[in-house]
Each structure stands twice: as structure tokens, then as C-alpha cells.
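Asks: Fold the following for me, if possible:
(chains A and B, ligands or ions: 2)
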Amino acid sequence: MSFGAPYLTLPSFKYVKPKTLREVLEFLAEHGEDAKIMAGGVAVIDFLKERLTEADYIVDIKGIEELGGIKYEENKGLTMGSTITLYSLRESRIIREKYSALHEALKTLDPILIHRATIGGNICEAFPWMDTVPPLLVFDAELNIISLKGKRKVKLKDFIKGTAEIDLNPDEILESIFVPEPPVNSKSKYVKVLAKSEFGVVNIACLVSNPVDPSKRIVKLAYGAASPTPTLVPQVEEIFRREAPLNKLIEEATSVVLETVSPMTDIHASEEYRRYLIDVLTRKILFELLTAD
Amino acid sequence: MARNITLIVNGVKREVEIEDNELLLDVLREKLKVKSVKAACWRGECGACTILLNGEPVKSCIVLAAEADGSEITTVEGLIKDGELSPIQRAFIENGALQCGFCTPAFTLFCHYILSTRPDITEEELREELSGIICRCGTYKQIIRAVMQAKKHYKK
Ligand code: FES
Ligand code: FES
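Replies: Ligands and ions are numbered 1, 2, ... in the order given. Below you'll find the predicted structure:
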């Protein structure tokens, strides 16, 4: 039992803490349907409290060696264990230097919660405003999924299927996240507009490489809180491969973005306001990165 | 399911019977009577329930007590050494860094953590770092002043 007001207590469940990855997978193979995986618990505990989810078992995967850690390989990329905390990632020099949009996104988060919240949790929660997702989309992240049956890989852009809906079977877990080395001469950036909570009203991640040479130019844009799922707008890349004055291209890219996103109205902002922000901020972020030397 | 867990609270080993679905916050306050850990929002927003769990700051309203089995917990009481207030506590008093005092245990503890890990923190960085705890009385300015004053005690 708990002592708060009724809605502040948790429904009953059995807490399970396997010691090895093998034990986790075996448990999920048997009880996956009735279990919820927890690492930092930031989302799961809140969901349970709000009765948005229920489970017979809460499986704590924190501290399992194979699911933690961070490893960078020059010219290849960065692998992050799914249970690494967002705090460790925020403090990572490699992320700050090479994956700035991700670093900037992490810096917008609650400095205490990130000591518990994990990258895997942030991705698997799959809410439209999860901050790490748009940056990971522009960096073309790939997820490694594991179960007793074996391993598989899936691109992040295909993994999130809908609001709080992911491509993960009950017997599987997210093992790690891989982001390839960013393109040469690239810069990236993250902007977030806040309303009353720490969740963004609109989040944008942008990556630009070789801004002055259209044949080699790469531009990627991804949005959070702008559609039911975080959204990569792949058409933008082709637009910027063309030879034309920058302001024309930015204009065109912005209108494609506005056609692609489908922002909603909620207590934080109206659809109209979100569209306005997306419009203005897309131009701004593109202009900044395309004209930076 | 009920189970027994061991917590080392401010250096003292405590054994307590808990349910799997109990929050660490509730166990600390109601079973172990550590009342400096405040409960307000119960959902990770206000930071009043902040403690150090194995040295890391966490909001105890979103930690299961079961997870904490065997852990070391520090609350603001743990900052007192041999009956002496720590430099950060003294700085809070000297700068009047509180009004009602509800957020004070969390802020003092967290500021202690920040100064212990980042003794060179700038005022601007500090403002960002403090955004996880809410002071409804709005004493942020005095808190920042207190931290800046206590800084020298944390430099090696
Ligand atoms: S009571 Fe835990 S953050 Fe508010
Ligand atoms: S002093 Fe009253 S809430 Fe901070």
C-alpha cells in the first residue's frame, strides 16, 4: 500500500529484477504479454499511477551490463546501450562535439530526472514530443532489438508506429541504439518551444552538411510534437540537392514540411499556433545552418 | 507482494517491509519517518522529494522502494557532520534562501550535489541545473546567491 491520495498509489504488480540479459529474455519469452519493462521508470511509474497501463510484472533491466554503456568508433559511429541514462549522454564529449542536436535536446530536459531516464525509455515511450527522437532521426539512428529468438535491426523512423506504439514484440527488448558517424562538414541544431511543462510544443532537429555545394549538400529535418509521432521529412533532402537561390529552397522546404506535419490542438497549444511556430522556426533553423561558415 | 529491503539512510542501516508497488518516497516518509523528503506532486515535476540514491540525485516519487534495496540514501539530514551544518546549509541561512521552507531540503541537498560534482559551475549553468526543483515562494535569486557563496568550500 501507499499513503498518498488514491490516484497517487500504484496498482499492484510483482517487481522482478533479473540479473543477466539471458534471464530478462527468458522471463519475457514466458511472461512478456503480462510484463512491462522498466529501466529508469520515469515513464512506466507515471503511467501506472495514471492507470494508463497495467502489468502483472514490472521487469527492471537497469544495471544489466550488455544493455548499458556507450561506445564510439571513429568514422563508424556511436552505440548507446538502451539503459544508459540521459545524464550520461548529456555529459558525453563525443555527443556534444559530433551530435550537437542530440546534446542540445538533452540539455533541455529536467536535470534531475535525466539521472534516471534512459535513452531506451525515451524512445520506447514513443510520445510525439520525446526530445531525443528528432535528433536521432536526423542522425539516421538504427535500433538493435534482441529476444531469445535472436537479434534484428530496425531504423528508428520505422520503429515508432504511432503515439505510444512501437515495433517491439512482448518477448523483445531494445538492446542498443546506433547512430552512424555524421556526414563530413556537418552541423546540427535543436530548437524547442516550451509552454507550461517541460514537453515541447514544437521540437525541431536539423542537420546540414556542405551547405555551399548543392551536389554534396545534405539537409535533414525532423520534428517532435508536430504529428502523432516524431516525423522525419525526407523530401527536404532532395529539394536542397538542387541548384537554386537558398531563399527559394528554404521557402519550398518549409511548405513541404507544413504539408507533411499534422499538429494537434491540446492544452499546451493550438494546431494553428504550432503551424505558425513550425513555419517560422523551420526557416530560421535552415537559414542559420545553411549560412553558417 | 511484501518483501524486506535494506536501505542505508544517511549512513544508518534500516530494514523495512515494503510492498512491490510502494514508492520510495512513501516508504521514506511514512515508514522510516524521514520527513525532510517532501511530497507534493507525486509525478516527478516539483522536485520536492529529491534525494541522493547511491550519490545520484533522483526524485523519490518515481522510484520504487523495491528498486532501492541495498542502496545508500542521502537526505538533507545527511549533510550534517558532527552536529555541524554543512557550508551549503549555512549559506542558505545566511542568504535567506527560503521563505516557507518546503523546497529547502531538496534544494539544499541538490545544490550540495551540484557543488560536489561541479565546484566550478557558473551562475548561468547553475540556473539551468536548478530547473528540476520548484520553489513556489520564488526564492531562486537567494538560492543562487547561496550556492555561489558556498562554492569556495567545495573547491579542492
Ligand atoms: S513529489 Fe516528487 S517530484 Fe514532486
Ligand atoms: S521556500 Fe517556499 S517553496 Fe521554496
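
Asks: right, and residue A:55 touches residue A:34 too?
Replies: Yes. In this structure, residue A:55 is within contact of residue A:34 by Cβ atoms under 8 Å, at 6.4 Å. In short, each C-beta sits where N, CA and C put it, glycine included.

Asks: Neighbour count for these two, which is higher?
Replies: Using other Cβ atoms under 10 Å in any protein chain shown, the more surrounded residue of residue A:55 and residue A:34 is residue A:55, with 19 against 13.

Asks: show me the contacts for the more buried one.
Replies: By Cβ atoms under 8 Å, 6 or more residues apart in numbering or on different chains, the contact list for residue A:55 reads A:13, A:34, A:35, A:36, A:48.

Asks: Does ligand 1 have contacts with the longest helix along chain B?
Replies: Looking across chain B with DSSP state H, the single longest helix is helix B:104-117. No. Helix B:104-117 stays clear of ligand 1 (Cβ under 6 Å from any ligand atom), getting no nearer than 8.5 Å.

Asks: quick one: buried residues of the next helix-or-strand element following that helix?
Replies: Later in the chain than helix B:104-117, the nearest helix or strand by DSSP states H and E is helix B:123-129. By 16 or more other Cβ atoms under 10 Å in any protein chain shown, the buried positions in helix B:123-129 come out as B:126, B:129.

Asks: Just the residues contacting the longest helix of chain B, thanks.
Replies: Counting by Cβ under 8 Å, 6+ apart, residues outside helix B:104-117 touching it are A:112, B:36-38, B:47-52, B:55, B:57, B:74-76, B:79, B:86, B:88-89, B:92, B:97-98, B:121, B:126, B:129-130, B:132-133, B:135, B:143, B:146-147, B:150-151, B:153-154.

Asks: Likewise for stretch A:84-97?
Replies: A:40, A:68-70, A:72, A:78, A:80, A:102-103, A:106-107, A:109, A:111, A:113-119, A:122, A:132, B:56.

Asks: Tell me the buried residues within those.
Replies: Buried, going by 16+ other Cβ under 10 Å: A:40, A:68, A:70, A:72, A:78, A:80, A:102-103, A:106, A:109, A:111, A:113-119, A:122, A:132, out of the contacts of stretch A:84-97.

Asks: Give me the subset of those lying in helices.
Replies: A:102, A:103, A:106, A:119, A:122.

Asks: Out of these, which two are the most distant from each other?
Replies: A:103 and A:122 (14.3 Å; Cβ to Cβ).

Asks: so what strands line up beside the host helix or strand of residue A:143?
Replies: Residue A:143 is part of strand A:142-147 when elements are defined by DSSP H and E. Its sheet considered, strand A:142-147 pairs with strand A:150-155 (antiparallel), strand A:173-180 (antiparallel) by DSSP bridges.

Asks: so of these, which one's packed in deepest?
Replies: Sort these by mean neighbour count, taking mean count of other Cβ atoms under 10 Å in any protein chain shown, and strand A:173-180 sits at the top with a mean of 22.

Asks: Can you tell me what sits against that one?
Replies: By Cβ under 8 Å, 6+ apart, the residues outside strand A:173-180 that reach it are A:24-25, A:28, A:37, A:61, A:66-67, A:76-82, A:99, A:102, A:119-120, A:123-124, A:136, A:139-147, A:151, A:156, A:168.

Asks: chain center to that strand, what's the gap?
Replies: Mean C-alpha position of strand A:173-180 versus that of the full chain (Cα atoms, centre = their mean, to the nearest Å) differs by 12 Å.

Asks: For residue A:163, give its distance to residue A:127.
Replies: Going from residue A:163 to residue A:127 by Cβ to Cβ, to the nearest Å gives 7 Å.

Asks: So for these two, which residue has more residues nearby?
Replies: When residue A:163 and residue A:127 are compared for neighbours, residue A:127 comes out ahead with 17 against 12, by other Cβ under 10 Å.

Asks: So what's the predicted local confidence for that one?
Replies: What the model reports as pLDDT for residue A:127 is 90.

Asks: sorry, back to before: how about the strands paired with strand A:142-147 in JSON lines, adding mean pLDDT and distance to ligand 2?
Replies: Formatted as JSON lines, those follow (pLDDT from 0 to 100; distance: least, Cβ to the nearest ligand atom, whole Å):
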{"stretch": "strand A:150-155", "mean pLDDT": "98", "distance to ligand 2": "45"}
{"stretch": "strand A:173-180", "mean pLDDT": "98", "distance to ligand 2": "38"}
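
Asks: for those, which one sits closest to residue A:228?
Replies: It is, among the strands paired with strand A:142-147 and with distance given as Cβ to Cβ, strand A:150-155, at 18.2 Å.

Asks: And the closest one, how far out from the chain middle?
Replies: Here strand A:150-155 shows a centroid-to-chain-centroid distance of 17 Å under the convention Cα atoms, centre = their mean.

Asks: Check which element follows that strand along the chain.
Replies: Counting by DSSP H and E, what follows strand A:150-155 is helix A:156-159.
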